[in-house]
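> Kindly return the folded structure for what I paste below:
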Amino acid sequence: MTPYQTITYALSTALNHYQETMGEAFPTKPELDDINDPEFGAVAEMVGDVFTIRVSTGTLAATQRLWRDAKATEVMASLNATGEELTHVSLVWLMLHEMHHYEMEHFQIVDRAYLTETFGAHQFAIAKRAKVTESPAFKHIPPEDRHKVEPCLEMQADHDAIEMVIDAYSPDEWPSLRARAAAISAMMMLIEREDAKHDQEHSSHPKAATRIFQLLRYLTQMPTIQLMVARQHAELGIEPHIPSEEEVLAYTAEVLVPCFYDAVALARTGNATTIASDLGDQESFFKDVEATLHELPKPSWVAATRGAGQWVTLMEVNGKLKQ
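Here you go, the predicted model:
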């Protein structure tokens with residue numbers, strides 16, 4: 001397929017997956033603009049009333065290159081998917097992420113017509129508009145925390161896109177689940193690696209380790225999500241799958257731990273050693289996950305990893321943003 005056909009296929013898959021998951025079509029038909037540029041970058045943009053997604057050919061090339069190199073390593077060779085399939089899932093997650101910026105009304109919150117996935121991608125935006133008013137969403141955000149709002153919006157879009165790509169939990173889908181998680185981690189890592197090329201006082205994006213922390217935190221909860229929903233919404237009549245202790249231990253060994261090492265391997269393969277450092281070691285990472293599973297830790301809590309520390313900080317601001 002040509003680059004345009006590959007990117008178009010990813011958007012088509014994302015739209016179909018949205019409809020299957022939500023039971024209804026995405027509220028608008030996105031316009032896709034593939035940009036023939038070697039720079040990595042993607043933009044979600046409102047051009048008048050038209051929701052537009054711009055993706056550079058450099059984004060596709062970087063994703064293909066990463067998966068070509070990663071699949072040649074011993075760790076990633078065991079993934080139950082080809083490099084082409086993993087590239088596709090990485091791009092589908094990116095498309096869903098952009099779509100959720102629209103659905104969650106993030107343009108209105110920042111009072112700007114576009115949101116970029118890397119600092120350098122600002123050059124791809126067309127409908128540039130200066131911020132002239134302050135959104136009511138900022139009402140409870142202290143001035144010193146305003147720079148954290150856009151990273152919070154990125155985390156929101158990440159979360160919903162993660163839910164759609166990961167899909168429902170099933171013990172029969174563990175190998176596929178690990179592959180999908182790796183595809184998401186790859187795109188998160190590529191975004192930070194590109195962003196790191198630009199000198200910014202405050203990035204509008206969370207660290208890749210922070211995004212991967214949210215991803216693996218969600219995966220940790222997956223076996224019991226159906227049970228939690230059934231208890232919270234008895235009116236739905238859900239018959240939940242209740243995992244045994246043996247199943248949870250096997251899930252941890254076959255999915256969670258490999259997903260962590262997949263992320264580390266991707267960072268090293270992509271020459272993003274800072275991301276590998278931010279993730280920390282396995283024991284520290286999952287200790288932080290456990291500490292945040294039920295509620296945000298107390299202010300005195302100190303995270304063992306940088307990703308968890310930023311996640312907690314952003315979630316505190318996110319709570320005020322939603323008030």
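
> what number of residues lie near the residue nearest to residue 75 when sequence neighbours are not counted?
Spatially, and ignoring its direct neighbours in sequence, residue 75 is nearest to residue 265 (4.2 Å; Cβ to Cβ, 6 or more residues apart in numbering). Backbone N, C-alpha and C define where each C-beta goes, glycine included. Look at residue 265: counted by other Cβ atoms under 10 Å, it has 19 neighbours.

> The one 4 residues further on now?
When neighbours are counted by other Cβ under 10 Å, residue 269 registers 21.

> ok, it - contacts?
Counting by Cβ atoms under 8 Å, 6 or more residues apart in numbering, residue 269 touches 66, 69-70, 73, 76.

> Just send those residues back as TSV, with pLDDT too.
Shown next, in TSV, are those (pLDDT from 0 to 100):
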residue	pLDDT
66	96
69	95
70	95
73	90
76	89
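
> which two from the residues you listed end up farthest apart in space?
Using Cβ to Cβ, these reach their maximum pairwise distance at 66 and 73, which is 11.1 Å.

> what about residue 180, how many neighbours?
Residue 180: 24 neighbours (other Cβ under 10 Å).

> helix or strand for it, which one?
According to DSSP states H and E, residue 180 maps onto helix 174-195.

> quick one: buried residues of that helix?
Neighbour-count burial for helix 174-195 flags 174, 176-195 (criterion: 16 or more other Cβ atoms under 10 Å).

> go on, stretch 59-67?
59-60, 62-64, 66-67.

> Check stretch 17-28 too.
17-18, 26.

> Averaged over its residues, which helix or strand of the protein has the lowest pLDDT?
strand 114-116 (a mean of 76; mean pLDDT, DSSP states H and E).

> Parallel or antiparallel, list what pairs with that one.
Sheet pairing of strand 114-116 (DSSP bridges) gives strand 42-47 (antiparallel).

> now the strand it pairs with, how far from the chain's geometric center?
17 Å (Cα atoms, centre = their mean, to the nearest Å).

> Quick check: buried residues in the following helix or strand past it?
Using DSSP H and E, the next helix or strand after strand 42-47 towards the C-terminus is strand 50-56. Buried residues in strand 50-56, defined by neighbour count with 16+ other Cβ under 10 Å: 51-56.

> Out of these, which comes closest to residue 85?
residue 55 (18.6 Å).

> Who is that closest one paired with across the strands?
The partner residues for residue 55, given DSSP bridges, come to residue 34, residue 42.

> any idea which helix or strand comes after the least confident helix or strand of the chain?
Next in line after strand 114-116, if elements are assigned by DSSP H and E, sits helix 149-166.

> helices and strands around that following helix, which ones?
On a contact count with 3 or more Cβ pairs under 8 Å, 6 or more residues apart in numbering; DSSP states H and E, helix 149-166 meets helix 3-22, helix 83-103, helix 106-110, helix 174-195, helix 208-232, helix 306-321.

> how far away is residue 160 from residue 65?
28 Å (Cβ to Cβ, to the nearest Å).

> circling back to that earlier point, so the residue nearest to residue 75 sits right up against residue 70, yeah?
Yes - counting by Cβ atoms under 8 Å, residue 265 touches residue 70, with 6.7 Å between them.

> joint contacts of those two?
residue 76.

> what stretches of the stretch 51-200 of the chain score poorly on pLDDT?
Within the stretch 51-200 of the chain, the stretches with pLDDT under 70 are 117-136, 198-200.

> Contact partners for residue 243?
Listed by Cβ under 8 Å, 6+ apart, the contact partners of residue 243 are 171, 223-224, 251.

> Need the three-state assignment for it.
Classification of residue 243 using DSSP: H, G, I helix; E, B strand; the rest coil returns coil.

> okay, it: pLDDT?
Looking at residue 243, its pLDDT stands at 83.

> Can you point out the buried residues in stretch 290-305?
291-292, 303-305.

> Just give me the closest of the residues you listed to residue 98.
So of these, ranked by how close each gets to residue 98 (Cβ to Cβ), first place is residue 292, at 26.8 Å.

> The closest one against residue 217, yeah?
Yes - between residue 292 and residue 217 there is a contact under Cβ under 8 Å: 6.5 Å.

> overlap in contacts of those two?
Residues touching both residue 292 and residue 217 (Cβ under 8 Å, 6+ apart): residue 311.

> center of the protein, which residue is that?
For the chain, the residue sitting closest to the mean C-alpha position, by Cα atoms, centre = their mean, is residue 158 at 3.4 Å.

> tell me the contacts of the nearest residue to that residue once chain neighbours are set aside?
Spatial nearest neighbour of residue 158, excluding adjacent residues (Cβ to Cβ, 6+ apart): residue 211 at 5.5 Å. By Cβ under 8 Å, 6+ apart, the residues touching residue 211 are 154-155, 158, 188, 307.

> Could you check how far residue 211 is from residue 161?
Residue 211 is 11 Å from residue 161, by Cβ to Cβ.

> Lovely, talk soon.
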